[in-house]
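# Could you look at this predicted model? Sequence included:
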Amino acid sequence: MQLEITIGDQQFTADLRDSAANRDLLAQLPVTIEMSDHGGVEKTGRLPSPLSLDGQPSGADPDVGDVGYYAPGNDLVLYYGDQSYYEGIVVLGRLQGDAAERIADLDGTVRVQVQGR
């Protein structure tokens with residue numbers, strides 16, 4: 001399972017883990033999300049519908065380059081900086097290549113198109 005993520009004229013690919021959350025995510029694609037910068041470490045934007053938390057731990061410590069879901073806000077998250085453990089985070093997968101560095105260079109709010117691949 002993969003995501004194709006488009007921000008402006010840039011393309012990114014993420015590899016997803018097999019999970020109920022990711023099956024729910026893929027079922028609601030394609031989506032366009034306004035993502036805001038949060039804490040200088042991540043871009044976050046609200047999904048149309050919540051994802052399943054079946055089989056997920058209560059929180060996670062995502063790495064730079066992870067794709068995540070923040071359950072309390074129903075947000076898809078692209079991590080380009082170091083975020084510590086936080087309750088409600090689910091790591092969905094991982095961005096390929098230098099995506100985290102390129103996303104870090106994008107200032108402010110961005111319009112993100114996400115589709116399954």
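Perfect, I can see it now.

# P30: what's it in contact with?
Contacts of P30 were listed using Cβ atoms under 8 Å, 6 or more residues apart in numbering, and they are 113-116. Where C-beta positions appear, they are placed from N, C-alpha and C, glycine not excepted.

# In ChimeraX, select just the buried ones from those.
Selection command for ChimeraX covering only the buried members of the contacts of P30, criterion 16 or more other Cβ atoms under 10 Å:
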select :114
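
# Convert the C-alpha atoms of the longest helix seen in the chain to PDB, please.
Longest helix in the chain, counting residues (DSSP state H): helix 20-27. The C-alpha coordinates for helix 20-27 follow below in PDB (Å, rounded to 0.1, in the frame of the first residue of the first chain):
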ATOM      1  CA  ALA A  20      -7.100  -1.200   9.800                       C
ATOM      2  CA  ALA A  21      -6.300   2.600  10.000                       C
ATOM      3  CA  ASN A  22      -4.600   2.500   6.600                       C
ATOM      4  CA  ARG A  23      -7.500   0.500   5.000                       C
ATOM      5  CA  ASP A  24      -9.800   3.300   6.300                       C
ATOM      6  CA  LEU A  25      -7.500   5.900   4.900                       C
ATOM      7  CA  LEU A  26      -7.300   4.400   1.500                       C
ATOM      8  CA  ALA A  27     -11.100   4.000   1.400                       C
END
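
# could you point out which element follows it?
strand 31-38 (DSSP states H and E).

# Name every strand pairing with that next one and say which way it goes.
Strands that pair with strand 31-38, judged by DSSP bridges, come out as strand 42-46 (antiparallel), strand 110-116 (antiparallel).

# Quick one: mean pLDDT for it?
When pLDDT is averaged along strand 31-38, the result is 96.

# can you give me the helices in the chain?
Counting by DSSP H, the helices of the chain are 20-27, 99-104.

# Same list, those, but as JSON lines with distance to S52 please.
Listed next are those as JSON lines, based on distance: least, Cβ to Cβ, whole Å:
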{"stretch": "helix 20-27", "distance to S52": "4"}
{"stretch": "helix 99-104", "distance to S52": "25"}
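
# Dump those into CSV; add mean neighbour count and distance to M35 as well.
Converted to CSV, the helices of the chain look like this (neighbours: other Cβ atoms under 10 Å; distance: least, Cβ to Cβ, whole Å):
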stretch, mean neighbour count, distance to M35
helix 20-27, 17, 15
helix 99-104, 18, 9
